[in-house]
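Asker: Below: sequence and its predicted model.
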Amino acid sequence: MMVSIVVSMPADLANQLQSLARSRRVSCSAFVRDTLSLALCGKPVKLEYQPRGNRDGLEDAARVYIKANIDLSVRALEKGLADLGITRKKTWVSDARSAIRGCGAKRSE
């Protein structure tokens, strides 16, 4: 059974919580759940990294468009994707174009 709890906390504490969760590559709620489970029950909940990408399911279509228009600028690619109804930011478009070209390191997501 899952129970939702709403907590108000100072901004500096919330920032520390977000930083700790980010360093473990999990959500804040998963980090708090694990910490409380360990403190109250003596056993941690298994935290697993879950990629956040491709939420809209259009990543493959975006990559096909980028591959077909590989010589366009990042901004032009971003606008072209938006015209197709695919929302991607400049960093994602730049990383995807670099990966398609086979150059540059892929950033961790």
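Answerer: All right, it came through fine. Numbers count the residues shown, from 1 in each chain.

Asker: chain center to the lowest-mean-pLDDT helix or strand in the chain, what's the gap?
Answerer: Here the helix or strand of the chain ranked lowest by mean pLDDT, DSSP states H and E is helix 28-41, holding a mean of 80. Computed by CA atoms, centre = their mean, to the nearest Å, the chain-centroid distance of helix 28-41 equals 22 Å.

Asker: Check stretch 77-86 too.
Answerer: With CA atoms, centre = their mean as the basis, the mean position of stretch 77-86 lies at 20 Å from the chain mean.

Asker: Over to stretch 35-45?
Answerer: 26 Å.

Asker: Domains in the chain, by residue range?
Answerer: 1-50, 59-101 (automatic domain parsing).

Asker: Please work out which of those is packed deepest.
Answerer: Among those, domain 59-101 has the highest mean neighbour count (mean count of other CB atoms under 10 Å), at a mean of 15. From N, CA and C alone the C-beta is placed, and that goes for glycine too.

Asker: rewinding a little: check the domains of the chain for me: which has the lowest mean pLDDT.
Answerer: In terms of average pLDDT, domain 1-50 trails the rest of these, at a mean of 77.

Asker: any idea how far that one is from the chain center?
Answerer: 17 Å.

Asker: coming back round to it: residues making contact with the helix or strand following the least confident helix or strand of the chain?
Answerer: Downstream of helix 28-41, the next assigned helix or strand under DSSP states H and E is helix 59-68. With CB atoms under 8 Å, 6 or more residues apart in numbering as the test, helix 59-68 has contacts from 53, 77, 80-81, 84, 86, 88, 93, 96-97, 100.

Asker: Whichever helix or strand comes after helix 59-68 - contacts with which helices or strands?
Answerer: Later in the chain than helix 59-68, the nearest helix or strand by DSSP H and E is helix 74-83. Here helix 74-83 touches helix 59-68, helix 90-101, going by 3 or more CB pairs under 8 Å, 6 or more residues apart in numbering; DSSP states H and E.
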